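Visitor: Build me a structure from this.
(chains A and B)
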Amino acid sequence: MLASAATDNRFGLDRRAILPGPFALVGGQSLSALEIGYETYGTLAPDGGNAILICHALTMDQHVASLHPRTGKPGWWTRLVGAGLPIDPARHFIICANVLGGCAGSTGPGSIDPATGDRYGMAFPVITIRDMVNAQAALLDHLGVARLAAVIGGSMGGMQALDWAVAHPDRVRSVVAIASAARHSAQNIAFHEVGRQAIMADPDWAGGNYAPAKPPAAGLAVARMAAHITYLSEAGLTERFGRRLQNRKTAKDNKGGFGFDAEFQVESYLRHQGLAFVERFDANSYLYITRAMDYFDLAAPHDGVLAHAFAGTKARFALVSFTSDWLYPTAESRRIVRALNAAGAAVSFVELESPFGHDAFLLDAPEMNRVVDGFLRAGETA
Amino acid sequence: MRPDLAAIAAAVPRGARVLDIGCGDGALLAYLRDTKGVDARGIDVSAANVAGAVARGLSVMQGDADADLADYPDDAFDMAILSDTLQAMQRPAPVLLELLRIARRAVVSFPNFGHWRVRASLAVGGRMPVTKTLPVSWHETPNIHFCTIDDFRALVAELGLAIESAAFLSRGTRRPSAGANLFAEQAVFVLRRDQARQH
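Guide: Model prediction:
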């Protein structure tokens, strides 16, 4: 498996792999084949010891450090991944794959169901975080990567990273889970349900059988608006928008009267977020991926004892949380750390100061980079 | 290396599983890892310290000995280190018991409040002492539970723990056990469970 990236079309940006099935799902169903959209950066070392898998969050994709082909925007984690950064293509072989159920090249509800010749829509089986992880494992087999030096992710990506240590303990040496949790709380599920109901209430959703040209745009935009609030902190919103109005100088200025347009800047911002999201994301994928997150609970198969999920683990762990993240708060990271300590695992944990809420892990966070860099380097020398 | 840290390091066996509570930026742990090949873990309350320690390649978690030691199983470590931290604990006695639940041995170092300069400062000056080992004023100091060497010995006995060895330091050099309560600035005790009192 030492073919160079230049001659082996498995490696590089914007790749597609079609992996023969059947691919068994946790829910009992199976997929006859698996298509995975992914990217790789750097070169796999001769001993295969420098592979790092990056797992993306709910609405991200495989374009972790490359220009997004549809939006033209830079990769979503260019602050952590790139030349001279903690995850560096010069040192690491980096893999990032679109999750199973996604809409950026991997098999999902928008794919063609070979049994019918039509899109799956809601006939797509309900998937889990474990299914996403198993699909990544199948991709690693295809790429000739036996063992990962590290698996790293934030938010839902962190859930996958943690699940890697549980599902494939012999294939991962180090785990980094940032702004994440080992289960979805009632509040997490509640917010997701608001988003799903918004999509399903849109007549254009049509039971999931919408034409690609006529998606449930209004419903998906509302889902994104609700979710986006959970990614920010109250202090962050207040600082950025306060009660400032869009087209008036002062709150006293009531020329033109009152109304329901996007008067407040925060409304205008959220509407923009919703509209932009519709351009790049599929509504059914949103339903399936949020559902997978809701079902996630690493302790569930162990009668609620999270430590048992990690029993016997040989992996090293690093967890990072942010002070103003109320979506996956520090308490959830601490719960994981506690379980890992009880399981005797080597674990590092730090709560970093940030006013930016859950989104902090995607923003400039020098301390996070320092922790990730030190943690990964220590694993390389070990 | 600071003399008190050297005295602690001397007490740690090669290859031991070590937990350093209040490990700061991990200087001692990194030293023990590099010179004695220990399995080094740490806890510190400060995020900046933890980031620094993790950057050294150590397994360190942000946490608080008063609350977080309960998460470790019995005998998880060979040696627990409480370096210059006991006096900052909310509840020193339960912390000592926890140390010797999760580790077979514990090294505990602390500034001796019985040192003559401290006594003189109180007796003559009538003010809480500010010395080289106690550099912060009473209202700013994180040290909320000062003790003397004799106080510590009494607590250890009361808790049913045993003193395996002790080192006493004054101005960076070792000094004898006799008169330590008056003349030592710092003490480093190695504790173990008292076998006779084990169930």
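Visitor: tell me the contacts of the residue in the stretch 1-150 of chain A that chain B sits nearest to?
Guide: Here the stretch 1-150 of chain A gets closest to chain B at one residue, residue A:86, 10.3 Å apart by Cβ to the nearest Cβ. For the C-beta atoms, the positions are set from N, CA and C on the backbone; glycine is no exception. Residues near residue A:86 by Cβ atoms under 8 Å, 6 or more residues apart in numbering or on different chains: A:80, A:369, A:372, A:373, A:376.
Visitor: which ones among those residues come in contact with chain B?
Guide: residue A:373 (Cβ under 8 Å from any Cβ of the partner chain).
Visitor: Mind giving me the PyMOL select for the contacts of residue A:86, buried ones only?
Guide: Buried residues among the contacts of residue A:86 (16 or more other Cβ atoms under 10 Å in any protein chain shown), as a PyMOL selection:
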select buried, chain A and resi 80+369+372+373+376
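Visitor: Among the contacts of residue A:86, pick out the one closest to chain B, please.
Guide: Among the contacts of residue A:86, and counting by Cβ to the nearest Cβ, the member closest to chain B is residue A:373, at 6.8 Å.
Visitor: Against residue A:173, how distant is residue B:187?
Guide: Distance, residue B:187 to residue A:173, by Cβ to Cβ, to the nearest Å: 41 Å.
Visitor: between these two, who's got more neighbours?
Guide: Neighbours per residue (other Cβ atoms under 10 Å in any protein chain shown) separate residue B:187 from residue A:173, with residue B:187 holding more: 26 against 19.
Visitor: My read is that the more buried one contacts residue B:167, right?
Guide: Yes: taking contacts as Cβ atoms under 8 Å, residue B:187 lies within contact range of residue B:167: 7.4 Å.
Visitor: low pLDDT regions in chain A?
Guide: Within chain A, the ranges that satisfy pLDDT under 70 run A:1-6, A:248-256, A:381-382.
Visitor: now the strands: where do they sit in it?
Guide: With DSSP state E as the definition, chain A shows strands at residue ranges A:15-24, A:30-41, A:51-55, A:93-97, A:150-154, A:174-178, A:316-322, A:346-352.
Visitor: so can I have CSV of those showing distance to residue B:171?
Guide: Formatted as CSV, the strands of chain A follow (distance: least, Cβ to Cβ, whole Å):
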stretch, distance to residue B:171
strand A:15-24, 66
strand A:30-41, 56
strand A:51-55, 50
strand A:93-97, 54
strand A:150-154, 47
strand A:174-178, 44
strand A:316-322, 40
strand A:346-352, 36
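Visitor: right, and the ones you listed - which one's nearest residue B:37?
Guide: Each of the strands of chain A has some distance to residue B:37 by Cβ to Cβ; the shortest is strand A:346-352, at 14.9 Å.
Visitor: can you list the residues that contact the closest one?
Guide: A:316-323, A:330, A:333-334, A:337, A:340-341, A:360, A:365, A:367-368, A:371, A:375, B:39, B:41, B:47, B:50-51, B:53-54, B:58-63.
Visitor: And for stretch A:359-373?
Guide: Taking Cβ under 8 Å, 6+ apart as the rule, stretch A:359-373 contacts A:76-77, A:79-80, A:85-87, A:152, A:154-155, A:176, A:178-179, A:231-232, A:318, A:320, A:322, A:324-325, A:348, A:350, A:352, A:354, A:356, B:47-48, B:50-52, B:54-55.
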